[in-house]
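Colleague: I'll drop the sequence and a predicted model, then ask my questions.
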Amino acid sequence: MRIGVIGTGTIASAVVEGIAGDGHHIAVSRRSAVQSARLSEDHENVTVHDNQAVLDRSDVIFLGLMANAAAEILDPLTFRSDQRVISLMADCPLERVAQMARPARAAAVMIPFPGIAQGGSPALGYGDTDLLQELFGARNTIFALKSEGELAAYNCAQAVLSPSIRMVADAADWLGARIEDHAQGEAFLRALVGSSLMGSDCATLLAALDTPGGYNQRLRNHMDRAGMNAALATGLDRLERDK
């Protein structure tokens, strides 16, 4: 495909990395200059242009912009009616994308994560998820959503990633103070949590770890009594309310 990317921040750059080896012709904008230069240096099929030249060279366009700045950046540009637009802006409705990119077709909103650069990552999609599957499905899992309301709820829930990582990091620090090799201890905990979650659904895994009097049950009960569940629910409700 002839693919264009307007905005090359961390996530948009990861998207480019994830498809750069698939034979596409990829034009990226100079936002940001450091990222776009690196992508073009690393991949012969990635070239850097100003925003309008990116559009002129592309049939599928990714918008990796901040939603509050998108209109100002896109208004001076000319899209074509045969172009399909994929927005990476989580907080910008597809209808709004269509207004900013007319007469191009606002095909989908996609919420990828940094791991898409290497593959094996989940990605959220609403709209033309067949297009997302075609581009990314061979190496990643596309979770097709039914509505923008679902997309908003998923976007809130995915924020559990950072506190989960923080919990593992804190446990690794606790362990590291008691062992010789801190890095090995952290690697063990990352592998333990990651492989366990990939191998089973949460209900089955929790039941398997619920040995009466076992370490897992005792620590989980302690954290439940400390209000972990209530704090998580309150935090998610606040994200949903304030989105």
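Modeller: Received, thanks.
Colleague: use CA for all of it now, contacts and neighbours both
Modeller: Will do.
Colleague: buried residues in the longest helix anywhere in the chain?
Modeller: The longest helix of the chain (DSSP state H) is helix 182-199. Using 16 or more other Cα atoms under 10 Å as the test for burial, helix 182-199 gives 182, 185-186, 189-190.
Colleague: check which helices and strands the helix or strand just after that helix sits against.
Modeller: Under the assignment DSSP states H and E, the closest C-terminal helix or strand after helix 182-199 is helix 202-208. Packed against helix 202-208, as judged by 3 or more Cα pairs under 8 Å, 6 or more residues apart in numbering; DSSP states H and E, are no other helices or strands.
Colleague: who does the helix or strand following helix 202-208 touch, helix- and strand-wise?
Modeller: Following helix 202-208 in sequence order, the next helix or strand is helix 215-225 (DSSP H and E). Using 3+ Cα pairs under 8 Å, 6+ apart, no helix or strand is in contact with helix 215-225.
Colleague: now the helix or strand just after helix 215-225: buried residues?
Modeller: Moving toward the C-terminus from helix 215-225, the next helix or strand (DSSP H and E) is helix 228-242. Going by neighbour count (16+ other Cα under 10 Å), the buried part of helix 228-242 is 235-236, 239.
Colleague: and the contacts of helix 228-242?
Modeller: Outside helix 228-242, the residues that touch it by Cα atoms under 8 Å, 6 or more residues apart in numbering are 152-153, 156-157.
Colleague: and for stretch 20-35?
Modeller: Here stretch 20-35 has contacts from 1-9, 13, 16, 36-37, 43, 45-51, 54, 57-58, using Cα under 8 Å, 6+ apart.
Colleague: what is the rounded mean pLDDT of it?
Modeller: In this model, stretch 20-35 has an average pLDDT of 91.
Colleague: can you give the distance from it to the centre of its chain?
Modeller: Its chain's C-alpha centre and that of stretch 20-35 lie 18 Å apart, by Cα atoms, centre = their mean, to the nearest Å.
Colleague: now do the end-to-end distance for it.
Modeller: 14 Å (Cα to Cα, to the nearest Å).
Colleague: now do stretch 49-68: everything it contacts.
Modeller: By Cα under 8 Å, 6+ apart, the list of residues contacting stretch 49-68 reads 1-9, 11-12, 26-30, 48, 77-79, 82-89, 91-92.
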